[in-house]
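J.: here's a sequence, model it:
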Amino acid sequence: MNNKQVREVSGSINSSDPVVALIYRLIRDHLPAGQLEQIVMDLEEAPGITEYQFTNGWLAQYAQNIVSRLQVLSGGHTSPLTGHVKLLLDLHNHPELDSKGADLITKKMFDLWVDMTDEEQLLASRLSSALLDDDRRKFPRHKEG
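T.: Just a heads-up that it's a prediction; the model follows:
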C-alpha cells in the first residue's frame, strides 16, 4: 500500500497542533507507541504533581526550548485539552478558592470542553474522576450519627 492508500484506509486526519505532529513523527519513525503510552500512563497515575525534577539540567532546558518553539508554531495556543487539564489542576491544587473563583475556572473549563474531540473529553473526564477520588480519600466526609 502506498501512502495515499494508507491515508484513505486509516482515516484522513489533519491537525494544526505542532505537538500532535511531533508525537506522530516520533511514534511513526523513532519511538515505539507502547513506550510513549507507558510514559503517559505514568504521568496520569500522579495527576496532582505540579512540578517535575530532572537529573540533567541541560536536557530539561532543551525540552523547555522545544516546548517554547512548538508554542510559537501554534501561535502560543495550546489544545483545548491542555488548557482544560491546567484549569482542572488549578481547582484541585487550590481548595481554598472562593466560590466566585471556582465558578470562573469552571466556566473556562466548559468553554474549552466544547472544543474538544470525543477522545479528549474522555481523557478529561477520567482525569476529573481520578482527582475527585483523590479528594475523597484526602477529605472523607464524616457521617453524623
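J.: what's around residue 93, how many residues?
T.: 13 (other CB atoms under 10 Å). From N, CA and C alone the C-beta is placed, and that goes for glycine too.
J.: should've said residue 88
T.: So residue 88, with other CB under 10 Å, has 19 neighbours.
J.: for it, phi and psi?
T.: phi -60, psi -40 (degrees, to the nearest 10).
J.: enumerate every residue touching it.
T.: By CB atoms under 8 Å, 6 or more residues apart in numbering, the contact list for residue 88 reads 109, 124, 127-128, 131.
J.: got a list of contacts for the longest helix along the chain?
T.: If you go by DSSP state H, the chain has its longest helix at helix 118-138. By CB under 8 Å, 6+ apart, the residues outside helix 118-138 that reach it are 44, 47-48, 79-81, 84-85, 88-89, 92, 95, 113, 116.
J.: pLDDT score for the residue nearest in space to the middle of the chain?
T.: Of all residues in the chain, the one closest to the mean position by CA atoms, centre = their mean is residue 82, 4.5 Å from it. Residue 82 carries a pLDDT value of 78.
J.: any idea how far residue 124 is from it?
T.: 10 Å (CB to CB, to the nearest Å).
J.: now, among the contacts of residue 88, which is nearest to residue 70?
T.: Nearest to residue 70 among the contacts of residue 88 is residue 124, at 21.0 Å by CB to CB.
J.: what about that closest one, how many neighbours?
T.: Neighbour tally, residue 124, other CB under 10 Å: 19.
J.: quick one: mean pLDDT over stretch 88-100.
T.: What stretch 88-100 shows for mean pLDDT is 76.
J.: could you do stretch 17-28 as well?
T.: So the average pLDDT for stretch 17-28 ends up being 85.
J.: now stretch 19-36: buried residues?
T.: With burial defined by 16 or more other CB atoms under 10 Å, the residues of stretch 19-36 counted as buried are 19, 23.
J.: same check on stretch 90-108?
T.: In stretch 90-108, counting by 16+ other CB under 10 Å, buried: 90-92, 105.
J.: I'd like the residues you listed as TSV, with distance to residue 56 appended.
T.: Shown next, in TSV, are the buried residues of stretch 90-108 (distance: CB to CB, whole Å):
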residue	distance to residue 56
90	29
91	32
92	29
105	34
